[in-house]
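Student: quick check, what structure comes out for this input:
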Amino acid sequence: MITTVASFIADGSASAAATHVRTVAAPIWDIGANIKNQGISFAVFLAMGGTAVLAVFEYFVVKNKTAALKTVAVGVILIGIIGALPSLGVVSKDTVHSLTNSGTR
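Tutor: Okay, the predicted model is just below:
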């Protein structure tokens, strides 16, 4: 990156500037895709933990087994829906090579 920025400062032509901006911007989009994937993964784990806590509370404290089972059923459905989102999150716009399917690293 330092060599890219240094050559851009030393060079100054418009075509060189466009090339350098594309080269530097590509990893920024890739980082954005990774942030989306991390957020989706966190949401899945949060939903799993929340479902477990609510089901245990309803089963042992409230003593309502039916509500606990309904909570688990709704939680599993929501976890499945949220869990399907990473396939959308890995596709990111790369200014050098158009669309990429990079995923988390």
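Student: output the below-cut-off pLDDT ranges for the chain.
Tutor: In the predicted model, the chain carries pLDDT under 70 at residues 1-34, 86-105.
Student: which parts of whichever strand or helix holds Lys70 are buried?
Tutor: Using DSSP states H and E, Lys70 sits in helix 65-83. In terms of neighbour count (16 or more other Cβ atoms under 10 Å), helix 65-83 has its buried residues at 68, 71-72, 75, 78-79, 82. Where C-beta positions appear, they are placed from N, C-alpha and C, glycine not excepted.
Student: and which of the residues you listed is nearest to Ile35?
Tutor: Here the nearest of the buried residues of helix 65-83 to Ile35, counting by Cβ to Cβ, is Ile82; it sits at 16.1 Å.
Student: what's near enough to touch that closest one?
Tutor: Going by Cβ atoms under 8 Å, 6 or more residues apart in numbering, Ile82 touches 40, 43-44, 47.
Student: what do you get for Val72?
Tutor: Taking Cβ under 8 Å, 6+ apart as the criterion, Val72 is in contact with 51, 55.
Student: and the gap between it and Gln38?
Tutor: In this structure, Val72 lies at 26 Å from Gln38, with Cβ to Cβ, to the nearest Å as the measure.
Student: one more: Gly75?
Tutor: From Gly75 over to Gln38 (counting by Cβ to Cβ), the distance is 21 Å.
Student: now swap in Ala68 and tell me
Tutor: Distance check for Ala68 against Gln38: by Cβ to Cβ, it reads 31 Å.
Student: same deal with Lys63?
Tutor: Applying Cβ to Cβ, one obtains 38 Å for the distance of Lys63 from Gln38.
Student: who has more neighbours, these two?
Tutor: Neighbours of Lys63 and Gln38, each counted by other Cβ atoms under 10 Å, are more numerous for Gln38; the result is 13 against 9.
Student: where's the more buried one, which helix or strand?
Tutor: Mapping Gln38 onto the secondary structure by DSSP H and E places it in helix 14-56.
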